[in-house]
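Participant: please find the sequence and the predicted model below.
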Amino acid sequence: MERNLKLIKKINYFTNIRINKEIVFEITFSFLVFLSFFEVYLQAMIGQITRYYIIFLAIILLLFFKKIKIRWYHGFYTAWFLFKLMSSFWTPNLFIARLHLFSHIGMTALLLIVTSLDIKEKSINFITAALWLFSNLYGVLSIFFSKPYLGAFNNRMVLNLGGLENDPNNQAAFLIIGIIISLHYIVKHRIFLLNVIFIVLNTFSLFQTGSRGGLLALLISLIVFVIININYKKNGAFKFILFVIIAVIVLAIMLIILPEVIKTRLFIFDDGGSGRLEIWRNSINLLMKNSFLFGAGWGADYGFNGVFSETHNTFISMAVDVGIVGVILFFGPIVVAILNLVKKKKSVYIPIIANTMVIAVFLGSINKRFFWLPIILLFLEYNSVNNK
């Protein structure tokens, strides 16, 4: 009889568990984070599932949360998207617009929907942990399964699974996210050993990519992290010196371990950034010949002067597409949110955004998950702080 009573209590416990909206958000959004990191390796099995999953995610969240709140920055992103869509009517080349249209629709809609929901701090912390987990998993896998990029560049080693690989700058952006969150866990939660190990592994994997943009992004992200987290009234100077010493030691270890061919690529700039400078000049010339305020149209620089290449710079690309007006509409709210969070002493997504923006200088990132996810989470943190 006693055993039966215990069994009944267990059954009642599990049957009374309710799936609330916070749990739904945490599970479904964490899966999006997973797809963002590993979709390129899953394409052979499931195809480009993320664009369809985003639609599913939006519907599920709206069904469970029901109530939405329109926020001031939603007007900025709606105006930016509509303006960019309109610019496709006067662009001389529709190749890029057609290529990125569904990605723009999906990520803009996701930003507007997710940031209109009442997401609690606990759920944001859960997603932060998911980012930490998948970034560090990416770093660990990169240690054991890295191969030369495109099978030819021995100075650029990237994670290769089943013959599939990511762009080195993409990989660098993903790895830095884990480094920053690990530092956050060390400073805020005093979780040392595990996070130090992950920092070393991700940093080594980052250096293996030979990504100069990734190296610069890591440096600037660390500087931003230190500025935000060091409290100079509480042994701040000592902590800062200790932080610098640790960083120097880690860098020295990396320089000893890394092959010479990778170190040469990282620290010797003799190729004009893999031809980026010429591409940037070409795009800027196009912008100067058109309206600086409103741009030349979505993807207008593709094929201009015979250069059939993406711009490899998100800011220049956006300026060409929609001018300085479009740049302000997109990045203005991000600046406002960052300034607000700095005042509130919130930090974890500001260094991650710094990483995103630095990589965006060297890569066309407007259709990349590593670009949009930190922006969405920055606004979720901004909403949470200001709701309090």
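Facilitator: In hand now; what should we look at?

Participant: so Met157, which state does it fall into?
Facilitator: strand (DSSP: H, G, I helix; E, B strand; the rest coil).

Participant: what ranges of the stretch 51-200 of the chain fall below the confidence cut-off?
Facilitator: Applying pLDDT under 70 to the stretch 51-200 of the chain flags no residue at all.

Participant: need the helices for it, in chain order.
Facilitator: 72-87, 95-114, 121-144, 168-189, 193-208 (DSSP state H, counting those that start in this stretch).

Participant: so for Lys21, which of those helices sits nearest?
Facilitator: Counting by CB to CB, Lys21 lies closest to helix 121-144 out of the helices of the stretch 51-200 of the chain; the figure is 9.1 Å. Bear in mind the C-beta positions are built from the backbone N, C-alpha and C, glycine included.

Participant: and that closest one with helix 193-208, angle?
Facilitator: 50 degrees (axes from the mean of the first three to the mean of the last three CA atoms, to 10 degrees).

Participant: pull out the buried positions in helix 121-144.
Facilitator: Of the residues in helix 121-144, 123-124, 126-128, 130-136, 138-142 count as buried by neighbour count, 16 or more other CB atoms under 10 Å.

Participant: which residues sit against it?
Facilitator: Taking contacts as CB atoms under 8 Å, 6 or more residues apart in numbering, the residues outside helix 121-144 that touch it are 22, 25-26, 29-30, 33-34, 37-38, 157-159, 161, 171, 174-175, 177-179, 181-182, 184-185, 198, 201-202, 204-206, 208, 348, 373, 377, 380-381, 384.

Participant: among those residues, which ones are buried?
Facilitator: 22, 25-26, 29-30, 33-34, 37-38, 157-159, 171, 174-175, 177-179, 181-182, 184-185, 198, 201-202, 204-206, 208, 348, 373, 377, 380-381, 384.

Participant: where's the spatially closest residue to Thr91 that is not a sequence neighbour relative to Phe81, distance?
Facilitator: Excluding its sequence neighbours, the residue lying closest to Thr91 (CB to CB, 6 or more residues apart in numbering) is Gly297, at 2.7 Å. Separation of Gly297 from Phe81 (CB to CB, to the nearest Å) stands at 15 Å.

Participant: low-confidence ranges, the stretch 251-388 of the chain, go.
Facilitator: For the stretch 251-388 of the chain, the ranges with pLDDT under 70 are 267-274, 346, 388.

Participant: how about the helices in it?
Facilitator: Under DSSP H, counting those that start in this stretch, the stretch 251-388 of the chain gives helices at 260-267, 276-289, 314-343, 349-362, 369-387.

Participant: now for the first one, which elements pack on it?
Facilitator: Meaning helix 260-267. With contacts defined as 3 or more CB pairs under 8 Å, 6 or more residues apart in numbering; DSSP states H and E, the packing partners of helix 260-267 are strand 153-161, helix 193-208, helix 212-229.

Participant: can you tell me the closest non-neighbouring residue to Leu117?
Facilitator: Phe65 (4.7 Å).

Participant: list the residues that contact the one you found.
Facilitator: Contact partners of Phe65, counting by CB under 8 Å, 6+ apart, are Lys21, Phe25, Leu117, Asp118.

Participant: out of the residues you listed, who's nearest Ala97?
Facilitator: Top of the list for closeness to Ala97, among these and by CB to CB, is Leu117 at 29.7 Å.

Participant: ok, that closest one to Lys84 distance?
Facilitator: For Leu117, the distance to Lys84 (CB to CB) stands at 25 Å.

Participant: settle it for me: which of those two has more neighbours?
Facilitator: Lys84 (25 against 19; other CB atoms under 10 Å).

Participant: gap between the more buried one and Phe145?
Facilitator: Applying CB to CB, the value for Lys84 to Phe145 is 38 Å.

Participant: same thing with Val342?
Facilitator: 39 Å.

Participant: ramachandran coordinates for Ala296?
Facilitator: phi -110, psi 0 (degrees, to the nearest 10).

Participant: tell me who's in contact with it.
Facilitator: Counting by CB under 8 Å, 6+ apart, Ala296 touches Thr91, Pro92, Leu286, Leu287, Lys289, Asn290, Val320, Asp321.

Participant: and for Trp280?
Facilitator: For Trp280, the contact set (CB under 8 Å, 6+ apart) comprises Thr311, His312, Asn313, Ile316.

Participant: I figured the first one hits Asp301, correct?
Facilitator: Yes - when contacts are counted by CB atoms under 8 Å, Thr311 is listed as touching Asp301 (5.9 Å).

Participant: looking at these two, which is more packed in?
Facilitator: Taking other CB under 10 Å, Thr311 and Asp301 do not tie; Asp301 has more neighbours (30 against 27).

Participant: can you tell me the closest non-neighbouring residue to Ile68?
Facilitator: Counting by CB to CB, 6+ apart, Ser116 is the residue found nearest to Ile68 once chain neighbours are left out, at 4.0 Å.
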